[in-house]
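Engineer: What would the 3D arrangement of this be:
(3 chains)
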Amino acid sequence: MQDYLNRPAELAAPLLLGSIIERKIDGHTLRVRIVETEAYDQSDAASHSYKGRTPRTEIMFGPPGFLYVYFTYGMHYCCNIVTDQEGRGSAVLIRAVEPLEGEDYMKALRDKSGKDLSNGPAKLCQALSITKELNGHDLSQGPVTLVLQEPLPADRITQTTRIGISHAQEMPWRFYETGNPYISKSNS
DNA sequence: TGCCTGATGTTCT
DNA sequence: GAACATCAGGCAC
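Structural biologist: All right, here's what the predicted structure looks like:
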């Protein structure tokens, strides 16, 4: 798994589409499929790691295959998967997922249903109960694991500019599965 | 359907 | 003290 993720974020991001995140909680198993990602790295003004290593971004500079969870706008968590070799400060933000298993439990956590369950970075964290407790978590071990799948064929992937940021907006580092109803709102 | 805004806390300057 | 990789609810059209 680490080998697979040991590449620049903009290359790892499309490869993660279609892969599975498995979350075990309270005797339930939640399984979701990644359908939308964004790449960030140290050379990127929109990235948390842009200004260098700080206590918060320490995880991003670590080895690949770990979870970087941050808190934003006072009420939301977002989760990233650290990529590239140690010291690079790159990560892939998970923007949207498609529920495969445990959807009922996710509905209970979110008090929402349908695609509203997980079509945004903060929403999916709530649906999977991912909080800062899991910051720095090793994704090769429970209770949150990343299960890699064969990458999607290139013709199923759409690449656009990113969403919800105020710097480096021109970077085309957002990737999603073409036509999937669970992707977050389009910025086209 | 689409814009505007409030909620809210962590991090960094 | 300001910025912030957001969401949901309200109101106007």
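
Engineer: What residues does chain A have near DNA strand C?
Structural biologist: A:38, A:40, A:46-49, A:60, A:68, A:70, A:72-76, A:78, A:80, A:91, A:93, A:110, A:112, A:116, A:120-123, A:163-167, A:184 (CB under 7 Å from any atom of the strand). Just so you know, the C-beta spots here come from the backbone N, C-alpha and C atoms, and that holds for glycine as well.

Engineer: Pick out the residue in chain A sitting closest to DNA strand B.
Structural biologist: residue A:74 (2.2 Å; CB to the nearest atom of the strand).

Engineer: tell me the contacts of the most centrally placed residue in chain A?
Structural biologist: Closest to where the C-alpha atoms of chain A average out (CA atoms, centre = their mean) is residue A:94, at 1.8 Å. Shown in contact with residue A:94 (CB atoms under 8 Å, 6 or more residues apart in numbering): A:16, A:21, A:34, A:36, A:37, A:78, A:79, A:80, A:81, A:121, A:124.

Engineer: What number of residues are in the vicinity of the residue nearest to residue A:155 when sequence neighbours are not counted?
Structural biologist: Leaving aside its sequence neighbours, residue A:155 sits nearest to residue A:178 (CB to CB, 6 or more residues apart in numbering; 7.6 Å). Number of residues near residue A:178 (other CB atoms under 10 Å) recorded here: 13.

Engineer: from memory residue A:178 sits against residue A:159, does it?
Structural biologist: No. At 10.0 Å, residue A:178 and residue A:159 do not qualify as touching, with contact defined as CB atoms under 8 Å.

Engineer: looking at chain A, which helix or strand does the model trust least?
Structural biologist: Within chain A, no helix or strand scores below helix A:2-5, which has a mean of 90 by mean pLDDT, DSSP states H and E.

Engineer: For the following helix or strand past that one, which outside residues touch it?
Structural biologist: Per DSSP states H and E, helix A:2-5 leads on to helix A:9-16 as the next helix or strand towards the C-terminus. Outside of helix A:9-16, the residues within contact range by CB under 8 Å, 6+ apart are A:4-5, A:7, A:34, A:37-41, A:64, A:81, A:83-84, A:90-92, A:94, A:151-152, A:157, A:159, A:173, A:175.

Engineer: Convert the C-alpha atoms of helix A:9-16 to PDB, please.
Structural biologist: Below are the C-alpha coordinates for helix A:9-16, written out as PDB (Å, rounded to 0.1, in the frame of the first residue of the first chain):
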ATOM      1  CA  ALA A   9      -0.100  13.700  -4.900                       C
ATOM      2  CA  GLU A  10      -1.300  14.700  -8.300                       C
ATOM      3  CA  LEU A  11      -0.500  11.200  -9.600                       C
ATOM      4  CA  ALA A  12      -1.800   9.400  -6.500                       C
ATOM      5  CA  ALA A  13      -5.100  11.300  -6.500                       C
ATOM      6  CA  PRO A  14      -6.500   9.800  -9.700                       C
ATOM      7  CA  LEU A  15      -5.200   6.300  -8.700                       C
ATOM      8  CA  LEU A  16      -7.200   6.500  -5.400                       C
END
